[in-house]
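*Asks:* Output the structure for:
(3 chains)
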Amino acid sequence: MSIILDKVNYVYSEETAYQIQALKDVSLEIGDGQFIGVIGHTGSGKSTLIQHLNGLIKATSGSIYFHGQDIYDDDFDLRELRNRVGLVFQYPEHQLFETTIFDDVCFGPKNQGLSKEEAGLRAFEALRNVGLPEELYYQSPFDLSGGQKRRVAIAGVLAMKPEVLILDEPTAGLDPAGRDEILDLVARMHRERGITVILVSHSMEDVAKYVERIIVMNQGQVMFDDAPKEVFRHYKELEAIGLAAPQVTYLMHELKERGLNVDTDATTVAEARASLMQALTGIDSGRMDIHR
Amino acid sequence: MGIIKARQLVHEYIRRDEEGNVESIQTALDHVDLDVQAGEFIAILGHNGSGKSTLAKHINALLSPSEGSLWVDGKDVSEEENILAVRQTAGMVFQNPDNQIIASVVEEDVGFGPENIGVPTDEIWRRVEESLGAVGMLKYRHHSPNKLSGGQKQRVAIAGVVAMQPKCIVLDEPTAMLDPNGRKEVIRTAHELNEKKGVTIILITHYMEEVVDADKVIVMDAGKVVMQGTPREIFSQVGKLKEYRLDVPQVTILADLLRQSGIDVPIGVLRREELVDAILRAAQITG
Amino acid sequence: MLRDITLGQYYPADSVIHKLDPRVKLFGTMIYIISLFCFRGIAALAIATVFMFVVIKLSKVPFKFMVKGLKAIMILMLITAAFNLFLTPGEELVSFWVFTITKEGLTNAVLMAIRLTYLILGTSVMTLTTTPNQLTDGLEKSLMPLSKIGIPVHAIAMMMSIALRFIPILIEETDKIMKAQMARGADFESGNLLKKVKNMIPLLVPLFVSAFRRADDLAMAMEARCYNGGEGRTKMKPLHYEGRDRLAYLVVLAYFVLILVCRIFLRWPQ
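*Replies:* This is a model prediction of the structure:
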């Protein structure tokens, strides 16, 4: 287990009129190499939760262990933790500051104490990974399009080679094409490098395709923590807290309720199609991999 | 004549270097023709950089055409003296809710527009109350905008435009920065204004689910209008929509795939209920 | 937390003080501050205290909101008090090592602490009961005569009210960018002054970029809503005096006269 949270509580503005309990008794285990989606609506505590994971916010009570070490121990090196748990904030392009894209991506590795050459190599690799055209490397990051800026910002964290990569709503404000680019990039990083990925989102449909585990946050508590199919079975409860399961989930449940024998666990279009074809024609066409 | 009419509208963003020489020209609008009738609910779809926001800014006279013409309620937007009248006729709501609220109290922000156009005080109060009521934010009138959710802030921004009593409201990606709840709030509000007050709505978005109730959908790509029609006509062309990098809703794709496999479902499915009924009908026939 | 700064944080309530014309409140606050620095004697202090608490009570703003503003200047207050305490010459009370506390020093320190506290409380009453917009309206109208000599009073007032609206947003943004850079290993704490300043660049550049982007967006949003400068504008909340405002002026003046009377005639006990 790379990260363990034990009964973590966090209270904002304690002892003031605005006191808010952002996290309530959150206990979680995050295994090595997992691909996890954290879902919740605005104010559910999901952003607060992930900032605990690299020690940017200190829990009001409870403990967090990273590879078995208590991160709140006096001799624990929080900067080392931040090197190993990379966090990409919402609208990460707002953190760009250097005169060239390349220098900006070097910022993280340099802070890790790497030499100029090593940092440069890391930056090249990260920029190649996010698929930014090479002729842009020495241009100002402020001249890029929104989607490109975001990729540069993500490269800035990737260049630090974290074991765990956390992304807070990495697709907010992007158009569908930009969104798919980012999500595919993250999925590739997970597949090729085997890093643990935690993806925070309020869109079930976006994460359903990629993740193996979904943590649903509501009012500072973990409401569900399971495989996507298991979580989507609770589609009615999800809807009650302002989250929606994929459209297909609703469709399949409605069909089932109205007497058609279909697979209610289908969450993607391809799965739904296969199940419907079987129900309607009796032919098992197999689960063809069709992208939506 | 419709409320908005564009003929061969062109807009070029010209970048110049320090000496003022042209460095690059980017054509954001490429000979666009557009006709909107009063009272319509129009949705404009397109990915980022398709020119949809540039078009929106022309309707509000925030940008002026490089070539071609645009008339808002019969007034040519490129005439300097029409600018204020055009902005009063066509109000605008922007993407970022934080960056368009001027005042520190909700009701004062809604009053900002009427103040600018010289509406008498008593009338401002009446309009502020009415517009906040119309967007369902009356009970937050004394609140600070900083304490509202994204969807609520956008509704305040809409009220601020409604208070100027425009004939038309352009919403430029009003939901791009909101969560699903906020998105629904804003879209519902836009429809209510259209139905109850007869305000012409031009909704610009990249979410296809938001346009299913529009009267007409326009798809833009590379500065051109590439598709135009009712939602059903647009949604029936799944292949084309994907080509324009749009996010076709799951049920629409599913219906399209089922049709291709020989199942009898209608073309251009917009809503889940529709597909459920069609599949059940198909099941009765085969079963 | 950074958001706790009370300045510009209006507390909505339905009270007489909230309803007063902002010009009255501006004038009242000014007079009150002047009075703090010219009163003498226990009697005057008592009057100033009573006046303050009556106004706070009338404002219906919970006292803890008032006190919040004090936390921010606590350090300043301690330093001033310390200077007064140790550096005022006079009748010696206690002496240890290089420090000497004199009777005059003690009185001065206490008085200074009281003055600063009352000053903050007094201005907090104004900012908590007056929306920033009313405040700038009040300033705008009070200063309008200056526009005759070419000072753009309306533009200045508009800038002030916008700044007040965006201060909390920018503070939150600062917090966010700081955390984002810390996640990339940035260090804002260690090193000497020069290094610290250099370390601020990753925070300041994005902050300025963001502020300019917001300013740009806001300018466009204002234009879209037909903003065209001060000319031809009407007011949603125009300022005109009512009975209670005139009464409030009288109360403020009476208070000031009382303080002056105390200063001249009731100087005991110092």
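
*Asks:* For chain C, what's its nearest residue on the stretch 51-200 of chain A.
*Replies:* A:N111 (3.0 Å; C-beta to the nearest C-beta). No exception for glycine: its C-beta is placed from N, CA and C like everyone else's.

*Asks:* Contact partners for that residue?
*Replies:* C:184-187 (C-beta atoms under 8 Å, 6 or more residues apart in numbering or on different chains).

*Asks:* Same check on B:L34?
*Replies:* B:4-6, B:9, B:55, B:218, B:225.

*Asks:* With pLDDT, distance to chain A and neighbour count added, can I get these in a markdown table?
*Replies:* Shown next, in a markdown table, are the contacts of B:L34 (pLDDT from 0 to 100; distance: C-beta to the nearest C-beta, whole Å; neighbours: other C-beta atoms under 10 Å in any protein chain shown):
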| residue | pLDDT | distance to chain A | neighbour count |
| --- | --- | --- | --- |
| B:I4 | 95 | 24 | 27 |
| B:K5 | 95 | 28 | 18 |
| B:A6 | 94 | 23 | 23 |
| B:L9 | 95 | 22 | 25 |
| B:L55 | 95 | 16 | 29 |
| B:I218 | 96 | 16 | 24 |
| B:V225 | 95 | 18 | 23 |
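
*Asks:* Among the residues you listed, which lie within strands?
*Replies:* If you go by DSSP state E, the contacts of B:L34 have B:4-6, B:9, B:218, B:225 in strands.

*Asks:* so how far is the helix or strand harbouring C:L78 from its chain's centroid?
*Replies:* Following DSSP states H and E, the helix or strand that holds C:L78 is helix C:63-87. The chain centre lies 14 Å from the centre of helix C:63-87; the measure is C-alpha atoms, centre = their mean, to the nearest Å.

*Asks:* Now C:V257: which helix or strand?
*Replies:* Per DSSP H and E: helix C:243-265 holds C:V257.

*Asks:* Send me that helix as PDB with only the CA atoms.
*Replies:* Extracted C-alpha coordinates of helix C:243-265, given in PDB (Å, rounded to 0.1, in the frame of the first residue of the first chain):
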ATOM      1  CA  GLY C 243     -34.100  62.500   9.300                       C
ATOM      2  CA  ARG C 244     -31.900  59.900  10.900                       C
ATOM      3  CA  ASP C 245     -28.800  61.000   9.000                       C
ATOM      4  CA  ARG C 246     -29.300  64.600  10.300                       C
ATOM      5  CA  LEU C 247     -29.700  63.200  13.800                       C
ATOM      6  CA  ALA C 248     -26.600  61.100  13.400                       C
ATOM      7  CA  TYR C 249     -24.600  64.200  12.400                       C
ATOM      8  CA  LEU C 250     -25.800  65.900  15.500                       C
ATOM      9  CA  VAL C 251     -24.900  62.900  17.700                       C
ATOM     10  CA  VAL C 252     -21.400  62.800  16.200                       C
ATOM     11  CA  LEU C 253     -20.900  66.500  16.700                       C
ATOM     12  CA  ALA C 254     -22.200  66.400  20.200                       C
ATOM     13  CA  TYR C 255     -19.900  63.500  21.000                       C
ATOM     14  CA  PHE C 256     -16.900  65.500  19.600                       C
ATOM     15  CA  VAL C 257     -17.800  68.600  21.500                       C
ATOM     16  CA  LEU C 258     -18.100  66.500  24.700                       C
ATOM     17  CA  ILE C 259     -14.600  65.100  24.000                       C
ATOM     18  CA  LEU C 260     -13.200  68.600  23.500                       C
ATOM     19  CA  VAL C 261     -14.900  69.800  26.600                       C
ATOM     20  CA  CYS C 262     -13.300  67.000  28.500                       C
ATOM     21  CA  ARG C 263      -9.900  67.900  27.000                       C
ATOM     22  CA  ILE C 264     -10.200  71.500  28.100                       C
ATOM     23  CA  PHE C 265     -12.000  71.200  31.500                       C
END
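
*Asks:* how about that helix: buried residues?
*Replies:* C:245, C:248-249, C:251-252, C:255-256, C:258-259, C:262-263 (16 or more other C-beta atoms under 10 Å in any protein chain shown).

*Asks:* Stretch C:42-62 too?
*Replies:* C:43-45, C:47-48, C:51-52, C:55-56, C:59, C:61.

*Asks:* What of stretch C:91-105?
*Replies:* So, applying 16+ other C-beta under 10 Å, buried residues of stretch C:91-105: C:100-102, C:104-105.

*Asks:* Stretch A:136-147 now?
*Replies:* In stretch A:136-147, counting by 16+ other C-beta under 10 Å, buried: A:136-137, A:141, A:144, A:147.

*Asks:* quick one on the thing from earlier: closest one of the ones in strands among the contacts of B:L34 to chain C?
*Replies:* Distances from chain C to those, taken by C-beta to the nearest C-beta, are shortest for B:I4, at 15.7 Å.

*Asks:* where's the closest one relative to A:D184, distance?
*Replies:* For B:I4, the distance to A:D184 equals 38 Å [C-beta to C-beta, to the nearest Å].

*Asks:* quick one: pLDDT of the residue nearest to C:F27 when sequence neighbours are not counted?
*Replies:* Distances taken as C-beta to C-beta, 6 or more residues apart in numbering or on different chains place C:V252 nearest to C:F27, at 6.7 Å, with adjacent residues excluded. pLDDT recorded at C:V252 is 92.

*Asks:* ok, C:V252 touching C:G28?
*Replies:* Yes. The criterion here is C-beta atoms under 8 Å, and C:V252 meets it with C:G28 at 4.6 Å.

*Asks:* Let me see the ranges of the strands in chain A.
*Replies:* With DSSP E as the criterion, chain A has strands spanning A:3-12, A:20-30, A:35-39, A:61-66, A:69-70, A:85-88, A:164-168, A:196-201, A:213-218, A:221-226.

*Asks:* want to throw those strands into JSON lines with mean neighbour count?
*Replies:* Listed next are the strands of chain A as JSON lines, based on neighbours: other C-beta atoms under 10 Å in any protein chain shown:
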{"stretch": "strand A:3-12", "mean neighbour count": "18"}
{"stretch": "strand A:20-30", "mean neighbour count": "18"}
{"stretch": "strand A:35-39", "mean neighbour count": "24"}
{"stretch": "strand A:61-66", "mean neighbour count": "18"}
{"stretch": "strand A:69-70", "mean neighbour count": "14"}
{"stretch": "strand A:85-88", "mean neighbour count": "26"}
{"stretch": "strand A:164-168", "mean neighbour count": "24"}
{"stretch": "strand A:196-201", "mean neighbour count": "24"}
{"stretch": "strand A:213-218", "mean neighbour count": "22"}
{"stretch": "strand A:221-226", "mean neighbour count": "17"}
